[in-house]
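S.K.: quick one: sequence plus predicted model below, questions after.
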Amino acid sequence: MLKHSPRHLTAGLLLTTCALHAHASEGGISSWPNGIEIYGMGILPPPGTYGQLFAGNYLADTLRDNSGDKAADIDLRVTTLAPRFVWVTEQKVFGGDLGFHALLPLNDMRLNVKNGPHDHKRGIGDAHLGPVIGFHPSEKLHIATGVDFVLPTASEYDEDDLINLGNNYYTVQAVLAMTYLDPDGLNADIRLMHDYNFENRATNYQSGRELHADYTLGWGLGNGWVLGVGGHAYQQISDDKCSASDCDAAALVDASGGNRGRSFSIGPAVQYSSKQGWMFSAKWQDESGVRNRAEGQTYWFKFTTAL
């Protein structure tokens with residue numbers, strides 16, 4: 001989910017309060033809600049304005065450490081509504097259609113640590129916005145590329161709280177998405193992303209660079225329905241850093257090889273495209289191979305329509 005893991009969830013939950021500041025991409029979270037995209041993620045529609053609504057629910061009961069072992073029993077529940085506005089212009093750039101998008105999540109987060117603290121927050125998360133260029137090499141193959149900017153717009157942030165609605169730092173995300181669409185056959189999508197995270201000035205902590213992808217694979221039934229599977233793959237590719245001389249997290253980052261996070265998920269995915277032009281899709285995904293993060297399950301729903 002957007003900001004779907006608590007910032008302070010670390011092996012330090014079993015050790016000391018100061019240790020809570022280090023746990024993979026600060027708190028084991030990412031700017032992008034891994035696995036949120038479903039079918040059609042590489043298609044930029046014709047010029048016009050479009051609205052999307054993502055709705056999701058994330059449930060986790062385990063925190064994994066750097067070795068993949070259980071670090072803590074938790075009860076983490078996050079519900080997200082994320083409206084997205086898409087504007088595709090008449091302008092051509094490098095032969096493709098120029099568009100812009102903006103997304104602002106609304107989150108309800110609850111965390112209980114077994115035999116430990118608990119927290120609950122509700123409000124606005126961090127905004128995503130940026131330009132995109134769409135290409136259509138053939139009737140079935142579509143490509144979209146762009147840069148997303150994640151802004152620390154969350155309604156509140158406190159470095160001493162157990163969870164927060166946003167990261168409190170900027171992220172620049174390079175994006176390449178591809179879709180192969182056949183209404184009567186193979187459907188395949190992938191959205192590749194590389195994130196560069198800036199320093200959190202409240203904690204002097206800088207999360208490492210991240211490489212991740214959302215994917216779906218399905219079969220079109222010829223009547224608007226697509227059935228298949230989908231999920232995400234995530235790998236942090238550089239170490240976290242803490243620049244302050246008195247940073248409590250620095251020793252933990254060094255000791256655990258940079259606190260690099262990792263996860264993978266897969267589950268059933270379905271989409272329906274109406275003759276009126278609107279689309280609805282849904283996905284359930286179960287996480288595995290998790291390192292330095294919470295491990296759980298996510299339900300995602302996505303509705304798209306022209307405005």
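M.R.: Great, that's in hand. Since the structure is predicted, the reported quantities are computational estimates derived from the model, not experimental observations.
S.K.: how about the strands in the stretch 101-250 of the chain?
M.R.: Per DSSP state E, counting those that start in this stretch, the stretch 101-250 of the chain carries strands over the ranges 106-113, 118-124, 127-135, 141-151, 171-181, 186-197, 205-206, 210-220, 225-236, 241-242.
S.K.: for the closest residue to Glu210 other than its chain neighbours, grab the count of nearby residues.
M.R.: Nearest residue to Glu210, sequence neighbours excluded (C-beta to C-beta, 6 or more residues apart in numbering): Asp195, at 4.2 Å. All C-beta atoms are positioned from the backbone trio N, CA, C, and that covers glycine. If you count neighbours by other C-beta atoms under 10 Å, Asp195 ends up with 23.
S.K.: repeat for Gln236
M.R.: When neighbours are counted by other C-beta under 10 Å, Gln236 comes out with 27.
S.K.: again with Pro137
M.R.: Neighbour number of Pro137 under other C-beta under 10 Å is 9.
S.K.: who's in contact with the closest residue in space to it that isn't next to it in sequence?
M.R.: Excluding the flanking residues, the one nearest Pro137 by C-beta to C-beta, 6+ apart is Ile143, at 6.7 Å. Residues near Ile143 by C-beta atoms under 8 Å, 6 or more residues apart in numbering: Gly42, Gly134, Phe135, His136, Pro137, Leu176, Ala177, Met178, Thr179.
S.K.: and those, which two are furthest apart?
M.R.: Across the contacts of Ile143, no pair lies farther apart than His136 and Leu176, at 15.1 Å, counting by C-beta to C-beta.
S.K.: and the two? Which one has more around it.
M.R.: Taking other C-beta under 10 Å, His136 and Leu176 do not tie; His136 has more neighbours (18 against 15).
S.K.: just to revisit the earlier point, can I get the contacts of Ile143 in TSV with pLDDT and distance to Gly51?
M.R.: Below are the contacts of Ile143 laid out as TSV (pLDDT from 0 to 100; distance: C-beta to C-beta, whole Å):
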residue	pLDDT	distance to Gly51
Gly42	96	19
Gly134	98	17
Phe135	98	23
His136	97	22
Pro137	97	27
Leu176	98	24
Ala177	98	19
Met178	98	23
Thr179	98	19
